[in-house]
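Student: Predicted model, plus sequence, below.
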Amino acid sequence: MPEDLSEITRIIEEAKAYLKEQKINQWQGFYPEAKQLEQDVKDELTYILMVGDKIAGTAALCPGIEPMYLHIEDGEWVNGPEAHYATIHRVAISTKFRGQNLATKTISCLLTTARLSGYKDIRVDTNSENRGMQHIIETNGFEYKGIIRTPDSDEAERYAYQIILK
């Protein structure tokens, strides 16, 4: 998949521009930067959604403890902050495929992948202003669990969600 890195990066840049158009202060700084995307690919955390022979979307499924999830405000994680879980990060759909419900399908596929990899506890977060992603997350069965904060960021608070798969 290293050959797909430039397309993955382009999709992330499109998502940053889209969020800026929506006046959502998410991904407006350095994150996610090319170095992070490259490391995700190298670590085999990146998944791509194909429509025909085109990359329509990208996301990362990260196993293990997410450091910024260790402290949650106004709520708590089922199973605690140091449970066995995977986290969904960096979900983005190409502008060429926007409006086709593909972000919802991407997350659904990641849930299946996580479950097949032995994870029942899946977590995700998004900017408190990103109502579209909140809807997508909730549509996939996640429940709101509280607020997390990202280090070294001027973003608004982030809403944290969790789903426990059967």
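Tutor: Ah, there it is. Numbering: from 1, shown residues only.

Student: show me the contacts for the residue nearest to the spatial centre of the chain.
Tutor: A centroid search over the chain (Cα atoms, centre = their mean) returns H89, at 2.6 Å, as the residue closest to the centre. The contact partners of H89, taken as Cβ atoms under 8 Å, 6 or more residues apart in numbering, are P32, A59, A60, L61, C62, V124. No exception for glycine: its C-beta is placed from N, CA and C like everyone else's.

Student: Please apply the same query to G132.
Tutor: With Cβ under 8 Å, 6+ apart, G132 has these contacts: Q22.

Student: What pLDDT is listed against it?
Tutor: At G132, the model reports a pLDDT of 96.

Student: List the buried residues for the helix or strand that contains it?
Tutor: Element membership for G132, per DSSP states H and E: helix 131-139. For helix 131-139, the neighbour count (16 or more other Cβ atoms under 10 Å) marks M133, Q134, I136, I137 as buried.

Student: got it, and stretch 142-162?
Tutor: Quick answer for stretch 142-162 (16+ other Cβ under 10 Å): 142, 145-148, 153, 155, 157-162.

Student: Stretch 71-82 now?
Tutor: I72, W77.
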